[in-house]
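# Let me see the structure of the following:
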Amino acid sequence: MKLAIRQVRLLDPFQELDCTTDLFVENGVMVEQLSGPADRVIEGQSLMACPGFIDAHTHLRDPGFSYKEDIITGTRAAAKGGYVLLATMPNTKPVTDTPAEIRYQLTTAEDAGYCDLIPLSAATVGEYGEALPDYAALKAAGAVGVTDDGKTIASSRILYSILKEAAKQGLVVIDHAEEPSLSHLGPIHQGKVAEHLGISGMPSTAESIVVARDILVAQDLGLPIHICHVSCKETVHMIREAQQQGVKVTADVCPHHICLNEEAVLKFGADAKMYPPLRAEADRQALIDALRDGTIEIIATDHAPHTAEEKARGLQDAPNGVVGLETAFATCYTELCLRQNFSLGKLVELFTLGPARLLGLGDRSLAAGQTADLVLVDLGATETISKERFVSKSHNTPFDGFPVNCRIFATIKQGEFTYVA
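Numbering: from 1, shown residues only. Modelled structure (predicted):
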């Protein structure tokens, strides 16, 4: 296909570009000029173009829980949200800890064609926190990193081994920071909403105490570690200080923790229940400050589908998690750029350059000769999020009815449209 996008605002953090230009795509590649007439022309005066989004943290529930989501529906939802690449979490059934399971995810996504996957393997066999799988074989099969997401790597001795073995294979290590003896104290944040509802809450210490351990281990070894879905100000302060001291610690934050605080639980109930939980307003502002100053370099969805029946069990018994692939950019643009005076260029970095750096993906710019993986965003659109329009199998979201001020106009992967509004 020969595609011309005329006079579009290009935001490409890989090239440090913010300009108005014409973009051309031919045979799946960005080109300086087309070899002949365009098969399709898009007038881009009201649009922004940028490299396709990358999600560093997605649960597709496949295999094992495909009644909640599967690779086909999940990647379709991703394309609708502007994503071209997803890092998938290993807490499937069976747990993704062998080359065969890595290959299953890759081939299923390739056949579907909506969005590419870069699977993450479990850091320990079965996510039991003990023996390590064959990291070399997993890397050869296509894994880019290891994590026991959903479970913290509880043993510091095992964490030492994981960091050293992962470094030998060039695999990123991602830790889910949760001290179970504290996180199990309650289903939501230990704060004014829990007090109002008369239930016990989960303290921020459940996260930050594990992050402190992770930082110390990473510092001792001189090796990198990534903390996923940071939620509280204490964690932000520790990561910032550690980075200033040269510790190789990075982090991501989720749209729901940026846009909402604990009060969303009063409106959405279990659809606003996730781990880590929505925290106090001071925590939310600390996360935004960390994005602004570069302490946190990635926005990741933690897309975690659950059925309506599961979420109907109420705050105490419903599973943790919300869907996010279809709403992430619109909610973050509306909150950060329009309400928090946040740079649009910085926001695009958080969805593209940041996750690409973490996952070792190299140059994913829109320069001539590069693969045509891009997203077009209509920054002038206004709409209200409706879960009834979701492509995802599951609709567990705290953003139903949330007004947003942009929409994904089109997603293009390898020169072909995977989504058009």
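
# Grab the most central residue of this protein for me.
A300 (2.1 Å; Cα atoms, centre = their mean).

# what sits against D12?
D12 is in contact with 50-51, 365-367, counting by Cβ atoms under 8 Å, 6 or more residues apart in numbering. Where you see a C-beta, it was placed from the backbone N, CA and C, and this is true even at glycine.

# Can you tell me which of the residues you listed lies closest to A242?
Among these, P51 lies closest to A242 (Cβ to Cβ), at 29.1 Å.

# Tell me how many other residues surround C254.
C254: 28 surrounding residues under other Cβ atoms under 10 Å.

# E101 now?
Neighbours of E101 under the rule other Cβ under 10 Å: 21.

# Please report how far it lies from T107.
Going from E101 to T107 by Cβ to Cβ, to the nearest Å gives 11 Å.

# Next: R40.
30 Å.

# same thing with V211?
Counting by Cβ to Cβ - V211 and T107 are separated by 36 Å.

# again with L11
From L11 over to T107 (counting by Cβ to Cβ), the distance is 33 Å.

# So these two - more neighbours on which side?
Each of L11 and T107 has its neighbours counted (other Cβ under 10 Å); L11 has more, 23 against 13.

# Dump the contacts of D12 to TSV, plus pLDDT, distance to T250 and secondary structure.
Shown next, in TSV, are the contacts of D12 (pLDDT from 0 to 100; distance: Cβ to Cβ, whole Å; DSSP: H, G, I helix; E, B strand; the rest coil):
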residue	pLDDT	distance to T250	secondary structure
C50	98	21	strand
P51	98	20	strand
S365	98	21	coil
L366	98	25	coil
A367	98	26	coil
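
# Can you tell me which of those residues is closest to L260?
Nearest to L260 among the contacts of D12, with distances taken as Cβ to Cβ, is C50, at 24.9 Å.

# burial measure for the closest one, as a count.
The burial count for C50: 29, using other Cβ under 10 Å.

# That one pairs with what?
V375 (DSSP bridges).

# Tell me which stretches of the stretch 251-400 of the chain form strands.
In the stretch 251-400 of the chain, the segments counted as strands under DSSP state E, counting those that start in this stretch are 298-299, 374-378, 383-384.

# wait, which of the ones you listed is closest to V29?
Here strand 374-378 is closest among the strands of the stretch 251-400 of the chain (Cβ to Cβ), at 11.6 Å.

# Contacts for the lowest-mean-pLDDT helix or strand in the chain, please.
The least trusted helix or strand in the chain, going by mean pLDDT, DSSP states H and E, turns out to be helix 180-183, with a mean of 92. With contact meaning Cβ under 8 Å, 6+ apart, helix 180-183 is reached by 152, 202-203, 205-206, 209, 275.

# Buried residues, stretch 401-415. List them.
Using 16 or more other Cβ atoms under 10 Å as the test for burial, stretch 401-415 gives 402, 404-415.

# Please report phi then psi for the residue nearest to the centre of the chain.
phi -120, psi 140 (degrees, to the nearest 10).

# just A143 next, same as before
phi -70, psi 140.

# got a list of what it touches?
Counted by Cβ under 8 Å, 6+ apart, A143 has contacts 102, 118-121, 171.

# now those residues in TSV, with neighbour count, secondary structure and pLDDT?
Shown next, in TSV, are those (neighbours: other Cβ atoms under 10 Å; DSSP: H, G, I helix; E, B strand; the rest coil; pLDDT from 0 to 100):
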residue	neighbour count	secondary structure	pLDDT
I102	26	helix	98
I118	23	coil	96
P119	25	coil	97
L120	30	strand	98
S121	31	strand	98
L171	24	coil	98
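
# and of those residues, the nearest to A290?
Using Cβ to Cβ, those come closest to A290 at L120, 23.2 Å.

# Would you quantify the distance from the residue nearest to the closest one when sequence neighbours are not counted to K168?
Of all residues not flanking L120 in the chain, G145 sits nearest, at 4.8 Å (Cβ to Cβ, 6 or more residues apart in numbering). For G145, the distance to K168 equals 13 Å [Cβ to Cβ].

# So for these two, which sits in the more crowded spot?
G145 (25 against 10).

# what does the model give that one for pLDDT?
Per-residue confidence (pLDDT) for G145: 98.

# residue contacts, it?
87, 120-121, 166, 171-174, 359.

# ok, the residue nearest to Q340 when sequence neighbours are not counted to D18 distance?
Spatial nearest neighbour of Q340, chain neighbours left out: I288 (5.8 Å); criterion: Cβ to Cβ, 6+ apart. Distance, I288 to D18, by Cβ to Cβ: 22 Å.
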